[in-house]
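Asks: the amino acid sequence is not available; the structure is as follows:
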């Protein structure tokens, strides 16, 4: 049932956030008659959690915009820490933001985990696809009075070749909102 599947997913995430990467779950739901002919779904789960895994190392492939040291600094999980799904996901999110701030708006990464059951260690290998870097070429303005177009062009004259980032665009719009 849908309720059993949702309960299993939520339980799995909770255990992954505790470093339990070999969690085995089984969930099911069945109806039990209650008052007024209402049916209540009851979930029953059996599980084997295994042991929590600790991060052994993080490896990178296909990185050119950042050094391995810079990439590693973006990951909130350290070698020897319990390898939680939450910390790994936060690190991947921080990677996307850092690449976006350098103009790599199509950046993606694919994490691969290697589990060593004998030592309960997790190796995290992250394959990066940086995509191309977006930069400003020309700024074209229309629909404004000539004096405002001139102000925009003057302000934009130094943008050519700079990385196109979301935070820069937000800053520019904030600047022009207050000007016009």
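Replies: Received, thanks. Just so it is clear, the structure is predicted and the values come from calculations on it, not from any experiment.

Asks: going by C-alpha atoms from here, please, whenever you check contacts or count neighbours.
Replies: Will do.

Asks: got the contact list for the residue nearest to residue 107 when sequence neighbours are not counted?
Replies: The spatially closest residue to residue 107, leaving aside those adjacent along the chain, is residue 130, at 4.5 Å (C-alpha to C-alpha, 6 or more residues apart in numbering). If a contact means C-alpha atoms under 8 Å, 6 or more residues apart in numbering, then residue 130 has 62-63, 65, 99, 104, 106-108 as its contacts.

Asks: what's the closest of those residues to residue 89?
Replies: Set against residue 89, the nearest of those by C-alpha to C-alpha is residue 108 (13.1 Å).

Asks: pull the number of nearby residues for the residue nearest to the closest one when sequence neighbours are not counted.
Replies: Closest residue to residue 108 apart from its sequence neighbours, by C-alpha to C-alpha, 6+ apart: residue 129 at 5.3 Å. By the criterion of other C-alpha atoms under 10 Å, residue 129 has 16 neighbours.

Asks: again, but for residue 155
Replies: Using other C-alpha under 10 Å, residue 155 has 13 neighbouring residues.

Asks: any idea which element it lies in?
Replies: Per DSSP states H and E, residue 155 falls inside helix 146-156.

Asks: show me what that helix is in contact with.
Replies: 139, 141-142, 176, 180.

Asks: now do the same for it: mean pLDDT, whole number.
Replies: Confidence for helix 146-156, expressed as mean pLDDT, is 83.

Asks: how about residues contacting the very next helix or strand once past that helix?
Replies: Using DSSP H and E, the helix or strand that follows helix 146-156 in sequence is helix 166-179. Contacting residues not belonging to helix 166-179 are listed as 100-101, 152 [C-alpha under 8 Å, 6+ apart].

Asks: let's see it at 10 Å
Replies: For helix 166-179, the external contacting residues (C-alpha atoms under 10 Å, 6 or more residues apart in numbering) are 97, 100-103, 105, 148, 151-152, 155-156, 162, 165.

Asks: report the contact partners of the residue nearest to residue 108.
Replies: 61-64, 104, 106-110.

Asks: out of those, which are buried?
Replies: Among the contacts of residue 129, those buried by neighbour count (16 or more other C-alpha atoms under 10 Å) are 104, 107, 109.

Asks: nearest to residue 135, of the residues you listed?
Replies: Among those, and counting by C-alpha to C-alpha, the member closest to residue 135 is residue 104, at 9.2 Å.
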